[in-house]
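S.K.: Provided below for reference: sequence and predicted model.
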Amino acid sequence: MSHTLTIDGISKRYGDVVALDDLSFDVRPGEIFGFVGSNGAGKTTTMRIALGVLSADSGEVRLGNKPVDLEVRRTIGYMPEERGLYPKMKVGAQLAYLAELHGLTRAAARESVGRWTERLGISDRTGDTVDALSLGNQQRVQLAAALVHDPAVLVLDEPFSGLDPVAVDVMSEVLLEKARTGVPVIFSSHQLELVQRLCHRVGIIASGKMRAVGTVEELRGTGNVQLDVSAPEAPVGWAHHLDGVTTISHVDGRTLLSLEPHVDDQLILHTALKTGPVHEFSLHRPSLTEMFREVVTA
Ligand SMILES: Nc1ncnc2c1ncn2[C@@H]1O[C@H](COP(=O)(O)OP(=O)(O)OP(=O)(O)O)[C@@H](O)[C@H]1O
């Protein structure tokens, strides 16, 4: 049975630096949650607290209704940003060791290592030491390490950074597959197009505070919309008097407007038509990247 991972009002300071400030959100069973924010926003700190390797100054992390203790921690698959494999240990032996550490029998560990190394395309490297592998392959091993014990939750810190496109596809498929079995999956990333494509919900963190949470569609719906209007006879400033509308440019009868989310675009169309013919009228909703910029610079 799968449970929600709840981050409930966590705060964390490092000396004078406030890394997290009363941060709350949840990751639900079967969803992939994208955790995005600028460098130093607090993503790694949050994930380390979620796993229990770092303690919060206040607040709590729960899986279902149980606080994350040692027992719960064993059910989490974690991929740390600083990675954390033993460089001189052989890939297969290391993965089997980690699986057993999380409670699998020797036989189950061996079976699981075989299955995941095959799935992640590293089955021919199990006899090599980790440091003999390319960085991308080391990352595949790191993902295998997060998966071999069949975790109830996946917490992955920048799992996609440095991967080639094929590895990105494999990683994406695996995360979707795990989510489909009901596992809550959270990962941090700076690759917003990937986040937009893969995640059911996204949280944008800035300066240790959650600034926006929702589906990509919900987040895009809260941003300003751009409207491109081609009305050759419209005078300069024809839209100035409209509430919630800003003129970005007006060149050769073509006006680019920014509309606050509450503005009815049909009202703009009527206003434009009063000036003469309207040849083009197209709406552009912000991408996740544009939303991100808007939110973190607000
Ligand atoms: N061990 C530490 N000692 C002091 N300050 C720290 C420590 N770890 C993190 N910080 C600070 O806490 C804040 C949050 O850092 P964190 O690593 O959680 O951010 P992040 O969102 O993961 O960044 P990035 O995208 O660059 O990985 C930053 O200001 C960082 O400098």
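M.R.: Arrived safely, thanks for sending. Numbering: from 1, shown residues only.
S.K.: so where do the helices sit in the stretch 151-298 of the chain?
M.R.: 165-180, 192-198, 216-221, 265-273, 288-297 (DSSP state H, counting those that start in this stretch).
S.K.: the ones you listed: which one's closest to the ligand?
M.R.: helix 288-297 (11.2 Å; CB to the nearest ligand atom). Using the backbone N, CA and C atoms, a C-beta is placed for each residue, glycine as well.
S.K.: could I get the buried residue list for the closest one?
M.R.: 288, 290-292, 294-296 (16 or more other CB atoms under 10 Å).
S.K.: with stretch 35-48 instead?
M.R.: Neighbour count says stretch 35-48 has 35-38, 41-48 buried, by 16+ other CB under 10 Å.
S.K.: kindly report the same for stretch 8-27.
M.R.: For stretch 8-27, by 16+ other CB under 10 Å, it's 8, 10-12, 18-20, 23, 25-27.
S.K.: tell me the secondary structure for the residue nearest the centre of the chain?
M.R.: What sits nearest the mean C-alpha location of the chain, by CA atoms, centre = their mean, is residue 34, with 1.7 Å. Secondary structure, DSSP: H, G, I helix; E, B strand; the rest coil: residue 34 is strand.
S.K.: residue contacts, residue 297?
M.R.: Contacts for residue 297 (CB atoms under 8 Å, 6 or more residues apart in numbering) come out as none.
S.K.: what's the mean pLDDT across stretch 167-181?
M.R.: Here stretch 167-181 scores 94 as its mean pLDDT.
S.K.: and stretch 261-271, by the same measure?
M.R.: 93.
S.K.: before we move on, what about stretch 72-87?
M.R.: Here the average pLDDT along stretch 72-87 is 86.
S.K.: buried stuff in that stretch?
M.R.: 72-73, 75-80, 85.
S.K.: next: stretch 113-127.
M.R.: Per 16+ other CB under 10 Å, stretch 113-127 contains these buried residues: 113, 116-117, 119-120, 122, 125-126.
S.K.: same check, this time on stretch 212-227
M.R.: Applying 16+ other CB under 10 Å to stretch 212-227 flags 212-213, 216, 219-220, 223-227 as buried.
S.K.: with distance to the ligand added, can I get the helices of the stretch 151-298 of the chain in JSON lines?
M.R.: Below are the helices of the stretch 151-298 of the chain laid out as JSON lines (distance: least, CB to the nearest ligand atom, whole Å):
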{"stretch": "helix 165-180", "distance to the ligand": "18"}
{"stretch": "helix 192-198", "distance to the ligand": "13"}
{"stretch": "helix 216-221", "distance to the ligand": "18"}
{"stretch": "helix 265-273", "distance to the ligand": "36"}
{"stretch": "helix 288-297", "distance to the ligand": "11"}
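S.K.: would you turn those into JSON lines with distance to residue 237?
M.R.: Formatted as JSON lines, the helices of the stretch 151-298 of the chain follow (distance: least, CB to CB, whole Å):
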{"stretch": "helix 165-180", "distance to residue 237": "47"}
{"stretch": "helix 192-198", "distance to residue 237": "35"}
{"stretch": "helix 216-221", "distance to residue 237": "28"}
{"stretch": "helix 265-273", "distance to residue 237": "12"}
{"stretch": "helix 288-297", "distance to residue 237": "25"}
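S.K.: out of those helices, nearest to residue 93?
M.R.: helix 165-180 (22.1 Å; CB to CB).
S.K.: show me what from the chain comes close to the ligand.
M.R.: 14, 17, 19, 37, 39-45 (CB under 6 Å from any ligand atom).
S.K.: who does the helix or strand containing residue 8 pair up with?
M.R.: Per DSSP states H and E: residue 8 is located in strand 5-14. Paired strands of strand 5-14, with direction, are strand 17-27 (antiparallel), strand 58-63 (antiparallel) (DSSP bridges).
S.K.: and the shortest one, how far out from the chain's middle?
M.R.: The chain centroid and the centroid of strand 58-63 are separated by 20 Å, computed with CA atoms, centre = their mean, to the nearest Å.
S.K.: contact partners of that strand?
M.R.: 3-11, 22-24, 49-50, 52, 67-68, 72, 75-76, 152-153.
S.K.: how about low-confidence regions in the stretch 1-150 of the chain?
M.R.: 1, 83 (pLDDT under 70).
S.K.: could you rerun that using 80?
M.R.: Applying pLDDT under 80 to the stretch 1-150 of the chain flags the ranges 1, 81-84.
S.K.: go on, the stretch 151-298 of the chain?
M.R.: For the stretch 151-298 of the chain, the stretches flagged by pLDDT under 80 are 298.
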